[in-house]
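Undergrad: No letters, just coordinates:
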C-alpha cells in the first residue's frame, strides 16, 4: 500500500512548491534585469518582495484549484492509480508549468520596452509581429539559457513527482469527501477574505506607487486581462509624431511665479449639471450658498466633462487624460504605465496629498486609482456611525464635510486634497430630519439633494473660514458628470448638454469674481493646478490652464461606443472612430441647443482645421497609451 503522505507530496505539495519557486526566482531575475526601471529605495524593494510572496501563493492556489479537484475526483473513483488519470494530472501540471514559465521568462526581457506586465495585448503582438518576436529572442541569448534550465527543471520535476500506475492508495472514501468539503470551504474563505489580493489592479493598495510591476506576476496579470473586460487601443498614424506633438501638446509645466506655495482643494460634485448653478435658469434648485460663492469666484459658463461616469471623471481630473475608452485609466490595462500625473509631481514638491470620499474603502476602485496617481492618503466613511450613513452609498455629505474640515486642519501645508461628494447620487438620500427643509420647488429628489449639499458646503466654509490655512487655499469646484435622473432635464439633453457641467474657482485672496465664457474641461484642471502651485515639473495634460485665454480651446469626449466628439463654443463635430469617418457637424446655440451646420464656409473650415486637429488629438491619446508615452523623457 502506497502511503497517502507520499502520494499527496509528489502530486500536490512538490508541484505547488515548484511553481511557487518559479514565480519567486523569476521575480528576482526580473528585478536584476530591470532594476533601473524602479526607484532605488531598499526598504520599499524589500517590502515589495516580501508582500509578493502572498500574491504568488494566492495566484498559485488559483492555478491549482482545478488540479486539486481532479486529484480528489480520481482518488474518489479509483482505489488504484491508473494510467489515464495520472496522465491527465501530468498534462495539467505541464501546461501550468510552461504557462507560468514562458510568461515569466518573457517579461524579464520585455518589461523594459513597455514598463508593464504582459497581458492579453501580447496575443495581438504575436499575431501581428511574428518576425519581431524571432528577432527579440535572437537578441537575448540569455533567455535561451534560462529556457534550457527550465526544460531541465521540467524534466526532473515530472520524473521526481510522478508515480507509476497500478499502486493502491490508502485514502478512504470518507476522508476524500471530508477533504473535498474542507478544501471548498477553505477556497471560499480565501476568496472572500483576500479577494482584492488576487487582482493585479489592487497592487497599488498593497505596495508603494512605482513598484506594482515588481509586486505582481506575469501569469496573473495575463489571466486577469481576460476576465476584466479591458479595452485595448490600436495606434493611429494620421501624422508623424512630431506633427501630432505640434498640433496637440500633451505636457505642461506651471508658468506662473507664485509667492509661496498655495494649497489646493478640488471639490468633485457628484452628478451636477450646469443647469443646477446657472443663474439664468429659472428652474434651477435653490443653492443660495453656491450662488453667493460664485459671485466671488471665476465662473466658467462653458465647462465640459470629458466623460459620462464618476470614475472616468476622477481619472480625467487627476491625470489630464480624456476618456476615449470604456475604462478609466486606473482600471485599464495601461494602469501600470508610468504617468506624469499632477499628484505625483505635487508629492515630489512637498505637498501632502489626500482624497476624501464618504463611501466604502475602495468604492469604484477609487482608492487604488488615487494611490496609483500619487495621492498618498485616502479617507473613507466606513467607520462612521449608522445614523450618519444614507443606507446606499455612504456618509451624508453634511457630516463628512465636517470631518473633512476637521481633518484638513491637521494636514501639513502645503496640501492638495480632493473631496468627492455622494449625496447628489441616485437615489438622492438626505437625512430624514432635513427633508422638509429642502423640499424644492418641484419636489424632485435630485433638486432636494442639491439644496442639501449646498447647505452642507455653507456649514463647511463657516467652519474653516477662520483657520490658518483657509486664506492660502484655492478651491476648485466641478461636477463629475451631468445628472441623468431628472426626467424634465433629460428632455433637453443632447450631444452637447450631456457633457455641460458647472466649474468655478474660488480664491479667498481674490474675491472680486468674474464670469469667463471660453471653453474649459476636466483635463484643464491639472494644468490649472500647476499654475496655482507654481509646479515646475512637467505633467501630462491633454488640456490647458484655465487661466490661459489665448488660442483655440476645445474639448474631446466619447459619446458612445464608436463616436468621439469635438466641441468648442460654436461647433460640435461627431466622428466615427471605428469607421474612420466624419458623421455630423452641428452649430451650438446659446442654451446648448444644436442645429446641423449647413453653411458651406463653416463646413469647409471644419474639414480643413478642426478635423485634422481632432485626428491629431486621437492619435496622441491612443498612441501614447499603446506605446507607453504618458511621461516625458528627461
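TA: Looks like it arrived, so ask away. Not measured: the values here are computed from a predicted model.

Undergrad: Test for you: state the pLDDT assigned to residue 368.
TA: In this model, residue 368 is scored at 87, pLDDT.

Undergrad: let's number from 578 now, not from 1
TA: In the new numbering, first residue 578, that becomes residue 945.

Undergrad: Show the subsequent helix or strand relative to the helix or strand harbouring it.
TA: Assigned by DSSP states H and E, residue 945 belongs to helix 943-949. Using DSSP H and E, the next helix or strand after helix 943-949 towards the C-terminus is strand 954-956.

Undergrad: Please point out which parts of stretch 898-915 sit buried.
TA: By neighbour count with 16 or more other CB atoms under 10 Å, stretch 898-915 contains the buried residues 898-902, 904-915. All C-beta spots, glycine's among them, are computed from the backbone N, C-alpha and C.

Undergrad: Mark which of the residues you listed are part of strands, please.
TA: Secondary structure defined by DSSP state E assigns none of the buried residues of stretch 898-915 to strands.

Undergrad: where are the low-confidence patches of the stretch 628-777 of the chain?
TA: 651-658, 690-692, 698, 701-713, 742-753, 756-757, 769, 771-775 (pLDDT under 70).

Undergrad: Please identify the buried residues of the helix holding residue 945?
TA: 943-949.

Undergrad: could you say what helices and strands it packs with?
TA: The contact analysis (3 or more CB pairs under 8 Å, 6 or more residues apart in numbering; DSSP states H and E) places helix 943-949 against helix 780-783, helix 887-896, strand 929-934, strand 954-956.

Undergrad: Dump the ones you listed into TSV; add mean neighbour count and mean pLDDT as well.
TA: Listed next are the helices and strands packed on helix 943-949 as TSV, based on neighbours: other CB atoms under 10 Å; pLDDT from 0 to 100:
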stretch	mean neighbour count	mean pLDDT
helix 780-783	22	75
helix 887-896	26	93
strand 929-934	23	97
strand 954-956	16	95
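
Undergrad: can you put these in JSON lines and add distance to residue 602?
TA: Shown next, in JSON lines, are the helices and strands packed on helix 943-949 (distance: least, CB to CB, whole Å):
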{"stretch": "helix 780-783", "distance to residue 602": "20"}
{"stretch": "helix 887-896", "distance to residue 602": "35"}
{"stretch": "strand 929-934", "distance to residue 602": "36"}
{"stretch": "strand 954-956", "distance to residue 602": "34"}
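
Undergrad: between those, which gets nearest to residue 816?
TA: helix 887-896 (23.2 Å; CB to CB).

Undergrad: Could you give the secondary structure assignment for residue 1152?
TA: Under the three-state scheme (DSSP: H, G, I helix; E, B strand; the rest coil), residue 1152 adopts strand.

Undergrad: quick one, what contacts it?
TA: Neighbouring residues of residue 1152 by CB atoms under 8 Å, 6 or more residues apart in numbering: 1140-1143, 1158-1160, 1188, 1191.

Undergrad: let's see 6 Å
TA: For residue 1152, the contacting residues are 1141, 1159, by CB atoms under 6 Å, 6 or more residues apart in numbering.

Undergrad: Quick check: bridge partners of it?
TA: Using DSSP bridges, the bridge partners assigned to residue 1152 are residue 1141, residue 1159.
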